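Student: no sequence for this one, just the structure:
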């Protein structure tokens, strides 16, 4: 496999973008990425999106976006893996460049969730319709069960969950693209409206519109463009049972464990070598479970890590979700995986502004779908 | 890029499969493909599906199918390009093996269209929602406009359109997996119910349930398994405007022309070297336009070719849609592109039974989405 690098990035602000269509926001992000990379053409493109059919009545999103971006007749394909659609789209772009089939590929992600569709219903299609959704459960309930299992097994506390939201909002307040770019206190989190016990409103990532795009290229292209090479040193993906009840232990996400193992192996590094990580904090409990399953903390110690400040931007172990995460930055599902790559790319480029992590050489992005039935992990390195 | 081969195939019968779920039919096709290939594991899998969200309320189909197929924790991703979703899934599997990232990858496709959803509405999401669908047009109308343009420009006749249906039903009558495996006469076609002038009911492919899967592998794996190597010598994809009105000439499908050019270049062959082709005959007019745009006939001569019998199984130019095509075999949209690959694979393997083309060495599959906004072309060769 050839070396693959990221050479440009662009995204919209995340939020309730009622005045603009799904096409408008994708094109905005893609144009920024193309401009940032300084490329004069694309060989191919991928669009990660979970459910444009249910959200805005438009499938065939690869072709739609290629047309509105003005890049016909290049190949354009939509990739879907529920909330991991963005990460999966990035992986396909990586594989295409790695194969030698293309030199310059755009990997984008987009979701328009606030245009009137029943969002909870549409998101529930990422769970097992037959054995979960038809029985009445939706995602806050599924993650609440994960939270209860984790609290029961490891003693994780309500305060630790709140600490995730507090940290991510503190980071997001420094991110101009964040939907909820303000700070919150632990008390506010713990007194917010109950959604599904123990998860409250401020434990949940918001419903968002947004788009993000990066330009993936061969090392040769990066050299010609005189770009600092931010190499993709690992791309790994794994799956788990679609329904939560199919798993032996619901306090661990098997797809995260597996994808991380494969990613470390491919990159030939250990978890201790990673300088920052963006994780899929769709709910506060998810960040705690995921940081453990990625190997950054002993199982059951993820809650302690965040409340002790070890995962803050200046934290002594590993900065987690410097972008604000899904919690504060927003979670337009198909765009999330690409936005994570953008944060890692900017951190490794030294352009993360007020959120900059010192001496960031290796960064990871972990994006997952459903209650962890799919997980994509990428590791990038600045050289 | 490494050599990539197809080593196994399986599909369900296409039709109204009311007694079985989308999971059931995908697993049936995938199990047949795995058994046919004789592999004991998969490294990864792709599921082509256009709109399981709108048809059956289930997204996240990669993870769902990996789970029900019992192959967790392998990577599993859904790929969507409207009615070209199957071809696009095959292309991703090809790129993954070509890159060296995986040795054995399943490429499947599935759609369950008869379970109660508004099919015309769901399919319309493959067109431009804003500028086509909201104005009231759906796919029969779009292809009717293509037909009128072609008739006006080249003198294509109503009889020539009917000849496509007659030939494809004659082929499909020899295919045990065909939904409508019976013959029709030109008179029946021309007297069938008008759908959108000039297209009548028997000019249209049916609404179908079905699944199909193939196993894609490296040449090394094929050698170990002592399989006759059916090599993928070209994989090409192209895009065009999503809306029909954006094109200079609606009697030509630009994405087909472009994908074919790239495919011939990659395979280093000419159209005359191809021994059989499966084309995307969602409507009879589509087969005529596509066979011209793939370079098999001079522009405007596709109708004449079919009525003269040049595209029949024993035809003197090139057998087209020996499987029965979408018209007779059925068109479960996400499965179609994979089912085309299966027909080509069986023909090159010499296992196509009553439909067998003599001396078939090189075969092509052309799969498209919407009114041609996306097109995927693959060329396979038996060596």
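Tutor: All right, it came through fine. Note that the structure is predicted; figures quoted are calculated from it, not measured.
Student: nearest residue to the residue of the stretch 201-350 of chain A found nearest chain B other than its sequence neighbours?
Tutor: Of all residues in the stretch 201-350 of chain A, residue A:237 sits closest to chain B, at 3.5 Å by Cβ to the nearest Cβ. Using the backbone N, CA and C atoms, a C-beta is placed for each residue, glycine as well. With Cβ to Cβ, 6 or more residues apart in numbering or on different chains as the criterion, residue A:237 has its nearest non-adjacent residue at 3.5 Å, and that residue is residue B:75.
Student: hmm, the one you found is touching residue A:235, no?
Tutor: No. Taking Cβ atoms under 8 Å as the definition, residue B:75 is not a contact partner of residue A:235, at 9.6 Å.
Student: higher neighbour count, the two?
Tutor: Comparing residue B:75 with residue A:235 by other Cβ atoms under 10 Å in any protein chain shown, the one with more neighbours is residue B:75, at 31 against 26.
Student: residues in contact with that one?
Tutor: Counting by Cβ atoms under 8 Å, 6 or more residues apart in numbering or on different chains, residue B:75 touches A:91, A:236, A:237, A:238, A:239, A:374, B:44, B:45.
Student: ditto for residue A:80
Tutor: Contacts of residue A:80 (Cβ under 8 Å, 6+ apart): A:48-51, A:88, A:334, B:59-62, B:77-80.
Student: mind running it again at 10 Å?
Tutor: A:47-53, A:59, A:61, A:88-89, A:126, A:333-334, A:369, A:374, B:47, B:49, B:52-53, B:59-62, B:77-80 (Cβ atoms under 10 Å, 6 or more residues apart in numbering or on different chains).
Student: helix or strand right after the helix or strand where it lies?
Tutor: Assigned by DSSP states H and E, residue A:80 belongs to strand A:76-80. Reading on from strand A:76-80 to the C-terminus, the next helix or strand found by DSSP H and E is helix A:85-99.
Student: touching chain B at all, that next one?
Tutor: Yes. Applying Cβ under 10 Å from any Cβ of the partner chain, one finds helix A:85-99 in contact with chain B at A:85, A:88, A:89, A:91, A:92, A:94, A:95, A:96, A:97, A:98, A:99.
Student: those residues: which two are farthest apart?
Tutor: Farthest-apart pair in the residues of helix A:85-99 next to chain B is A:85 and A:99; separation 21.1 Å (Cβ to Cβ).
Student: neighbour count winner among those two?
Tutor: residue A:85 (36 against 23).
Student: correct me, but the more buried one touches residue A:370?
Tutor: No. Taking contacts as Cβ atoms under 10 Å, residue A:85 lies outside contact range of residue A:370: 11.3 Å.
Student: before we move on, what SS does residue A:174 have?
Tutor: coil (DSSP: H, G, I helix; E, B strand; the rest coil).
Student: over to it: give its phi and psi.
Tutor: Main-chain dihedrals, residue A:174, degrees, to the nearest 10: phi -100, psi 10.
Student: hmm, it is touching residue A:312, no?
Tutor: No. Contact criterion Cβ under 10 Å: residue A:174 and residue A:312 do not qualify, at 11.8 Å.
Student: for these two, list the residues in contact with both.
Tutor: In contact with both residue A:174 and residue A:312: residue A:322, using Cβ under 10 Å, 6+ apart.
Student: ok, and the closest non-adjacent residue to the spatially most central residue of chain A?
Tutor: The centroid of chain A falls nearest to residue A:337 when counting by Cα atoms, centre = their mean (3.3 Å). If the residues on either side of it in the chain are set aside, residue A:337 comes closest to residue A:86, at 2.6 Å by Cβ to Cβ, 6+ apart.
Student: OK, contacts around the one you found?
Tutor: Counted by Cβ under 10 Å, 6+ apart, residue A:86 has contacts A:46-50, A:79, A:107-111, A:211-214, A:332-342, A:365, A:367, A:376.
Student: the most far-flung residue of chain A relative to its centre and residue A:74, how far apart?
Tutor: The C-alpha centroid of chain A is most remote from residue A:224, which lies 29.8 Å away (Cα atoms, centre = their mean). Distance, residue A:224 to residue A:74, by Cβ to Cβ, to the nearest Å: 20 Å.
Student: who are the contact partners of the residue in the stretch 251-383 of chain A positioned nearest to chain B?
Tutor: Nearest to chain B in the stretch 251-383 of chain A, going by Cβ to the nearest Cβ, is residue A:373, at a distance of 3.8 Å. Listed by Cβ under 10 Å, 6+ apart, the contact set of residue A:373 reads A:81-82, A:84, A:126-128, A:238-244, A:246-247, A:253-255, B:60, B:62-64, B:66-67, B:72-73, B:76.
Student: still on that earlier bit, can you put the residues of helix A:85-99 next to chain B in a markdown table and add pLDDT and distance to residue A:291?
Tutor: Listed next are these as a markdown table, based on pLDDT from 0 to 100; distance: Cβ to Cβ, whole Å:
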| residue | pLDDT | distance to residue A:291 |
| --- | --- | --- |
| A:85 | 98 | 22 |
| A:88 | 98 | 21 |
| A:89 | 98 | 24 |
| A:91 | 98 | 21 |
| A:92 | 98 | 26 |
| A:94 | 98 | 24 |
| A:95 | 98 | 27 |
| A:96 | 98 | 31 |
| A:97 | 98 | 30 |
| A:98 | 98 | 28 |
| A:99 | 97 | 33 |
